[in-house]
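S.K.: here is a sequence with its predicted model. Questions after.
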Amino acid sequence: MPKVCTLLAALLWLTLSSAAQSSLLPDRVGLRYSEQVSNSPVGSSDCFAMQGAAADAFWKIVPFSHAANLGLAVDVAVENTHNINHAGYGLNLFSFAGGPRLRLSTHKLQPFAQALFGVAHGWGSEFPSGGNTLTSSASSFALDLGAGTDYSLNKKLSLRVLQLDYSRTDLPNNANDWQNNLRIGAGLTLSFSHY
C-alpha cells in the first residue's frame with residue numbers, strides 16, 4: 001500500500017504542476033460510457049462484462065505543432081457487474097490513472113494514444129486475504145494503455161467516437177494476482193481551447 005500512496009502522490013503532483021503551468025482549467029474534459037471485459041476468477045476460463053462510466057481530463061503541455069501535442073491525461077472510471085459468471089457475487093471497480101497522452105489533430109478528427117499509471121480499487125466482491133479468508137475489497141496498481149478518436153461537432157464539443165484501452169490490475173486472486181481487462185467506450189468531450 002505505501003507504493004500505491006507514493007504513486008498517487010506523484011500523479012497528483014504531476015497534475016498540479018501541469019495545471020499550474022497551463023492554468024487549472026484542462027484543455028479538454030470528456031465523459032463516456034464504458035464497457036469492460038475481464039478475465040474470470042481462478043478456476044473459470046470464461047470472461048465477464050462490466051458496465052459503467054468514465055471521465056478524463058487533458059492538459060496540453062508540449063505543442064509540437066498545430067496538428068500534434070503532448071500533454072498529461074487523467075482518467076477516472078467506475079464499472080460494475082452484479083454477478084460474475086453466476087458465482088454468487090459481483091464486483092465494483094474504481095480506477096484512477098494519469099500519464100502522458102499524444103494528441104493529433106486534423107480538420108475534424110483528433111486521434112490520441114496514452115500510457116496511464118495509477119490505482120484500482122475493487123469492492124463488493126470476494127478477494128483472498130491470506131490463508132482461507134476472504135475480504136470484500138482490495139486495491140492494486142493499475143496500468144492503462146489506450147487510444148481513441150474524437151470527432152469535432154463544433155469548436156467546443158466533440159464526439160468521442162471510440163476509446164479502446166488495455167487495462168491491467170493486480171488484485172488478489174489466489175493465482176498470479178494479475179487481471180487483463182479490455183475497455184471500450186464512447187461519449188462526449190468538451191474543449192476549453194481550440195486546437
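M.R.: Right, received. Where do you want to start? Residues are numbered from 1 along each chain as shown.

S.K.: give me the phi and psi for the residue most central in space within the chain.
M.R.: For the chain, residue 75 is the residue whose C-alpha lies nearest the centre (CA atoms, centre = their mean; 4.6 Å). Main-chain torsions, residue 75, degrees, to the nearest 10: phi -130, psi 130.

S.K.: with adjacent residues omitted, what lies nearest to it?
M.R.: Once flanking residues are discounted, residue 75 sits nearest to residue 56: 4.4 Å by CB to CB, 6 or more residues apart in numbering. Where you see a C-beta, it was placed from the backbone N, CA and C, and this is true even at glycine.

S.K.: how about the helices in this structure?
M.R.: With DSSP state H as the criterion, the chain has helices at 2-22.

S.K.: any regions of the protein where pLDDT drops low?
M.R.: The chain contains residues with pLDDT under 70 at 1-23, 40-45, 194-195.

S.K.: can you give me the strands for the protein?
M.R.: Remark: strands assigned in the chain by DSSP state E are 28-39, 47-65, 68-81, 91-104, 109-128, 134-152, 157-169, 179-191.

S.K.: tabulate the CA atom coordinates of the fifth one in PDB.
M.R.: Read that as strand 109-128. Taking Å, rounded to 0.1, in the frame of the first residue of the first chain, the C-alpha atoms of strand 109-128 are listed here in PDB:
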ATOM      1  CA  LEU A 109     -10.700  14.000 -36.200                       C
ATOM      2  CA  GLN A 110      -8.400  14.200 -33.100                       C
ATOM      3  CA  PRO A 111      -6.900  10.700 -32.500                       C
ATOM      4  CA  PHE A 112      -4.800  10.100 -29.400                       C
ATOM      5  CA  ALA A 113      -2.700   7.500 -27.700                       C
ATOM      6  CA  GLN A 114      -1.900   7.300 -24.000                       C
ATOM      7  CA  ALA A 115       0.000   5.400 -21.300                       C
ATOM      8  CA  LEU A 116      -1.500   5.900 -17.800                       C
ATOM      9  CA  PHE A 117      -0.500   4.600 -14.400                       C
ATOM     10  CA  GLY A 118      -2.400   4.600 -11.200                       C
ATOM     11  CA  VAL A 119      -4.500   2.500  -8.800                       C
ATOM     12  CA  ALA A 120      -7.600   0.300  -8.900                       C
ATOM     13  CA  HIS A 121      -9.900  -0.500  -6.000                       C
ATOM     14  CA  GLY A 122     -12.400  -3.300  -6.100                       C
ATOM     15  CA  TRP A 123     -15.200  -3.800  -3.600                       C
ATOM     16  CA  GLY A 124     -18.500  -5.700  -3.100                       C
ATOM     17  CA  SER A 125     -16.700  -8.900  -4.200                       C
ATOM     18  CA  GLU A 126     -14.600 -11.700  -2.800                       C
ATOM     19  CA  PHE A 127     -10.800 -11.300  -2.700                       C
ATOM     20  CA  PRO A 128      -8.400 -13.800  -1.000                       C
END
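
S.K.: how distant is that strand from the center of its chain?
M.R.: In terms of CA atoms, centre = their mean, to the nearest Å, the centre of strand 109-128 is set 4 Å apart from its chain centre.
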